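Chemist: give me the fold of what follows.
(chains A and B)
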Amino acid sequence: MAILADHRYDNDPIRHLLSRLWHRIEEQVDRLERVADISDLYQSHVLENNRSLANRYEKQLRQIKRVVRISDLYQSSLKELNLSLFEASTHDSLTGVSNRRFMAERCLEEDQRASRHGSTYSMIILDVDHFKLINDEYGHATGDLMLVDLVKALSSSLRHYDIIARWGGEEFMALLIDADLSTAEIVAKRMLSNIRDMRVSIDDMELNLTASLGLTEHKSDENYDTTFRRADKALLMAKNGGRDRLVVIDPADPLSHREISALAAGTD
Amino acid sequence: MSGESYPENSFELYDQLIQWIEAYLSSAEHSLRLELHLNYLNTSSIRFMIDIFDSLQTAFENGKEVLVQWMFDDRNPRSAELGSEFKEDYTFPFLILSINA
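Modeler: Model (predicted):
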């Protein structure tokens, strides 16, 4: 620039070339600036576009999370409902123990286990003595309360893997898993003893009840129905023998039976 | 609206509903009250319910009078919880009410 402005070089032959070169440089710089401007504009446009895409993405992500959360909630409430329906279909609503349907299913499983593994089980059928009289004399609400307490007494007599079910109105059945007759007899005597000790306070009265029990053991190759009939026969003998007692039928000697009424103190 | 929703094609069902709601709300003087007794919604129905609430929110921001009453049964406490999950960010009136009250 300084050389071009200096008049001493006006006639220099290179001056003209230098002037043209300088002009071209200025043009190029100008062009570069314009390219940079356009490029900046384009970049800010892309940036803005990205931002709005990111916002939309964030919004949709939030929505998906909400849908998933709500859907999970619905599913877990269905699961809870399912569980309570299962409970309702397999348990007695008054006493909370298994119902006949559930017990029949368990008996079937035990039959299969017995035939596969040669295991055994025993069965106790229990019927409250003269329950109709309790209902007639004190009302059904009192009868219900007594059944609830009876179930407590029965449950506390069981080993922890035994199962008890309400089989009918005042009839209960206990399935003693892996118990031979002598083990089952201990449990049955404990039941008899706990029932005798049971006192139910209603208003100013203290009521008690008695029950008759039939016990037998499952015999290999028979199904639970046959075992049940033998236990039921023992129960009938207990009833006929004067109630408030236990009758045991040994499957090895099904025509005879043993009757147990008196319990030694501290029976366990 | 009441009941359970698990249609085979949720779009077919809810698209009509959403279109109706949007058409209804686009008319100047209409206000809208939605009373919901929803016991079960499958996942796609949940998505469309959110779309419905979104359009109520937009209408509300444009000065429309909208109201949602989410009804639940005390025996099913989960349902109230679901109502508040749906309500979440909305600023329009969204009431969660017991049918036993």
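Chemist: all contacts plus neighbour counts: C-alpha atoms, from now on.
Modeler: Fine.
Chemist: what's the local residue count around the residue in chain B positioned nearest to chain A?
Modeler: In chain B, the residue that lies nearest chain A is B:Thr43 (5.5 Å; C-alpha to the nearest C-alpha). Using other C-alpha atoms under 10 Å in any protein chain shown, B:Thr43 has 20 other residues around it.
Chemist: with adjacent residues omitted, what lies nearest to it?
Modeler: Of all residues not flanking B:Thr43 in the chain, A:Ser71 sits nearest, at 5.5 Å (C-alpha to C-alpha, 6 or more residues apart in numbering or on different chains).
Chemist: ok, the one you found touching B:Asn42?
Modeler: Yes. Taking contacts as C-alpha atoms under 8 Å, A:Ser71 lies within contact range of B:Asn42: 6.9 Å.
Chemist: more crowded one of these two?
Modeler: With neighbours defined as other C-alpha under 10 Å, A:Ser71 and B:Asn42 compare such that A:Ser71 has more, 21 against 18.
Chemist: other SSEs contacting the longest strand belonging to chain B?
Modeler: Across chain B, the longest stretch assigned as strand under DSSP state E is strand B:32-41. Strand B:32-41 sits against helix A:13-90, strand B:2-5, strand B:66-72, with contacts defined as 3 or more C-alpha pairs under 8 Å, 6 or more residues apart in numbering or on different chains; DSSP states H and E.
Chemist: now do that strand: everything it contacts.
Modeler: Outside strand B:32-41, the residues that touch it by C-alpha atoms under 8 Å, 6 or more residues apart in numbering or on different chains are A:71, A:74, B:1-6, B:25, B:65-72, B:79.
Chemist: now the helices: where do they sit in chain A?
Modeler: Here chain A has its helices, by DSSP state H, at A:2-5, A:13-90, A:100-117, A:131-138, A:140-155, A:181-197, A:224-240.
Chemist: adding distance to A:Ser256 and mean pLDDT, write those out as a markdown table.
Modeler: Listed next are the helices of chain A as a markdown table, based on distance: least, C-alpha to C-alpha, whole Å; pLDDT from 0 to 100:
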| stretch | distance to A:Ser256 | mean pLDDT |
| --- | --- | --- |
| helix A:2-5 | 138 | 79 |
| helix A:13-90 | 36 | 92 |
| helix A:100-117 | 24 | 95 |
| helix A:131-138 | 28 | 94 |
| helix A:140-155 | 27 | 95 |
| helix A:181-197 | 15 | 96 |
| helix A:224-240 | 10 | 97 |
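Chemist: of all those helices, which lies closest to A:Met123?
Modeler: Of all the helices of chain A, it is helix A:224-240 that lies closest to A:Met123, at 6.6 Å by C-alpha to C-alpha.
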